[in-house]
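Participant: here are the coordinates; sequence isn't available:
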C-alpha cells in the first residue's frame, strides 16, 4: 500500500506543485488583502490609503486560530498581523489547497495516460510508471477520475460563491487538453503556461467571486500575475523540451526546439522570460499595495532567470534539470515570500 502511494506521488511529481501553488497562494493573499483595505466611496473609487474596514466586517471564521505568542520575550500579535490584514477564512484556504492539489494531480495522471506509448519509446521517459509497469492503466485512470471529481467537490467550500463550481469543469478540461497539444502544434509550451497561469486567476475568483461577477476588471491584478506565470512556464518548458528534440523529430511531435532548433528555442525562452519580468513589474500598477519589497523581488527573479539561461547552452544540455527544477522552485517560493512580506508591511 505504501509503495503504491509512493508510486502515485512520484507519478504526479508532487514536488513540482511548487511551480503553481505559490502563485495561487500569492493571488489568494492579494485578493484577501484587497477585500480588507478597500473602502469604496460614493463614486465607486477604491482609495488605496490603508483604511481598514470596521471590526464587524472582519472575517469571523479566520484561519488564524492563535491571537498571539512569544519568542525570546518578544510578543507577536498574530491576529493583528494576519487576521486583520487578510479577509480569508479557513474554508477558503483549505479549498484553494485542495483544488490546486487535485487539479494538478488529475492533469498529471491524465498526461501519463495519454503519453504512455510516447514515453515507452523515449529512452529518457521509458522508466516512467506505466511503461515500466509500476502502475497499471486502470489504476492511473481511476486515480485521474477520482482527482477530477475531488476538484469539483472542493469548489463547494467556496459557496455561496458559485463561480469556482461553474468554472471547475471547463478549467479541468483545459488542463487535460494540454496532453494532446504537442501532437498538433508547437504552441504546446504556451498551453502549459496558460494551464499554470490559471492558478492565480482561479484563486482570485475563489476569494472575490462576487466582485469579479459584478465588475470583471476586478480580475486585472490576477490576470497580470497570470501573464507572468504563463510566459515563465512557457520559457522554462522550452528549455526542458530541448532534451527531447531528436526523439520528438523522429516521433513527429511538435515543439519549439523541433521547429526552431535548440538555439532558436533558447532565444525564444529568453524572450518569454523577459515578458515575465515585464508582467511582474506591471503588477504594482494595477495592484498598488505592492511597493519596494516587491521591486526587490523582481530584481532577484531577473537575476535567477539570467542564471537559469547561463546554465544551458545549445551544445551543453547536461544542466537542464538544475535549471528546470532548482532555479524555478526558488523563483516561485521566493516571489510568494516577497509578496507576503510586502503585503504585511504595506
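Facilitator: That came through fine. All values reported here derive from a predicted model rather than from experimental measurement. Residues are numbered from 1 along each chain as shown.

Participant: Would you mind measuring from the nearest residue to residue 271 once chain neighbours are set aside to residue 277?
Facilitator: Spatially, and ignoring its direct neighbours in sequence, residue 271 is nearest to residue 235 (7.9 Å; Cβ to Cβ, 6 or more residues apart in numbering). C-beta: built from backbone N, CA, C; applies to glycine. Distance of residue 235 to residue 277, given as Cβ to Cβ, to the nearest Å: 11 Å.

Participant: which residues of the stretch 1-150 of the chain score low on pLDDT?
Facilitator: 1-17, 37-84 (pLDDT under 70).

Participant: dump the residue contacts of residue 155.
Facilitator: 95, 99, 164, 165, 168, 206 (Cβ atoms under 8 Å, 6 or more residues apart in numbering).

Participant: let's see 7 Å
Facilitator: Going by Cβ atoms under 7 Å, 6 or more residues apart in numbering, residue 155 touches 99, 164, 165, 168.

Participant: any idea which element the closest residue to it other than its chain neighbours lies in?
Facilitator: Take residue 155 and drop its neighbours on the chain: the residue closest to it by Cβ to Cβ, 6+ apart is residue 164, 3.9 Å away. Element membership of residue 164, judged by DSSP states H and E, is helix 163-177.

Participant: Tally up the residues packed near the closest residue to residue 18 other than its chain neighbours, please.
Facilitator: Of all residues beyond its chain neighbours, the one nearest residue 18 is residue 329 (4.7 Å), with distances taken as Cβ to Cβ, 6+ apart. Residues near residue 329, counting by other Cβ atoms under 10 Å, number 15.

Participant: All the helices of the stretch 101-250 of the chain, residue numbers only.
Facilitator: Under the criterion DSSP state H, counting those that start in this stretch, helices of the stretch 101-250 of the chain are mapped to 116-121, 137-154, 163-177, 188-207, 209-214, 220-241, 245-250.

Participant: how distant is the fourth one from the center of its chain?
Facilitator: Computed by Cα atoms, centre = their mean, to the nearest Å, the chain-centroid distance of helix 188-207 equals 6 Å.

Participant: Next, the angle helix 163-177 makes with it.
Facilitator: Angle of helix 188-207 versus helix 163-177, following axes from the mean of the first three to the mean of the last three Cα atoms, to 10 degrees, is 170 degrees.

Participant: Residue 302: which element?
Facilitator: Applying DSSP H and E, one finds residue 302 within helix 292-311.

Participant: I'd say residue 226 and residue 201 touch.
Facilitator: Yes. Using Cβ atoms under 7 Å, residue 226 is in contact with residue 201, at 4.9 Å.

Participant: Am I right that residue 289 falls within a strand?
Facilitator: No. Residue 289 is assigned coil when assessed by DSSP: H, G, I helix; E, B strand; the rest coil, not a strand.

Participant: Give me the neighbour count for the closest residue to it other than its chain neighbours.
Facilitator: Nearest residue to residue 289, sequence neighbours excluded (Cβ to Cβ, 6+ apart): residue 346, at 4.5 Å. When neighbours are defined as other Cβ under 10 Å, residue 346 has 17 of them.

Participant: Could you measure from residue 346 over to residue 280?
Facilitator: 17 Å.

Participant: do the same with residue 28
Facilitator: Relative to residue 280, and taking Cβ to Cβ, residue 28 is found at 17 Å.

Participant: again, but for residue 118
Facilitator: For residue 118 relative to residue 280 (Cβ to Cβ), the value is 34 Å.

Participant: what about the two, which has more around it?
Facilitator: residue 280 (24 against 17).

Participant: tell me the secondary structure for the more buried one?
Facilitator: Residue 280 ends up helix, using three-state DSSP.

Participant: and it, how far is that from residue 232?
Facilitator: Taking Cβ to Cβ, one finds residue 280 at 9 Å from residue 232.

Participant: on that earlier part again, please say which of residue 235 and residue 277 ends up with more neighbours.
Facilitator: residue 235 (29 against 17).

Participant: How about the contacts made by that one?
Facilitator: By Cβ under 7 Å, 6+ apart, the contact set of residue 235 is 269, 272, 273, 276.

Participant: mind listing what the first one touches?
Facilitator: Meaning residue 269. With Cβ under 7 Å, 6+ apart, residue 269 has these contacts: 235, 236, 238, 239.

Participant: Now list the buried members of the residues you listed.
Facilitator: 235, 236, 238, 239 (16 or more other Cβ atoms under 10 Å).

Participant: what's the farthest-apart pair in the contacts of residue 155?
Facilitator: Greatest spacing in the contacts of residue 155, by Cβ to Cβ: 99 and 165 (10.7 Å).

Participant: More neighbours: which of those two?
Facilitator: Taking other Cβ under 10 Å, residue 99 and residue 165 do not tie; residue 99 has more neighbours (26 against 17).

Participant: Verify the stated contact: that one with residue 152.
Facilitator: No. Residue 99 is beyond contact range of residue 152, at 9.3 Å (criterion: Cβ under 7 Å).

Participant: Strands along the stretch 1-150 of the chain, start to end?
Facilitator: Taking DSSP state E, counting those that start in this stretch as the criterion, the stretch 1-150 of the chain carries its strands at 68-71, 74-77.

Participant: Perfect, that will be all.
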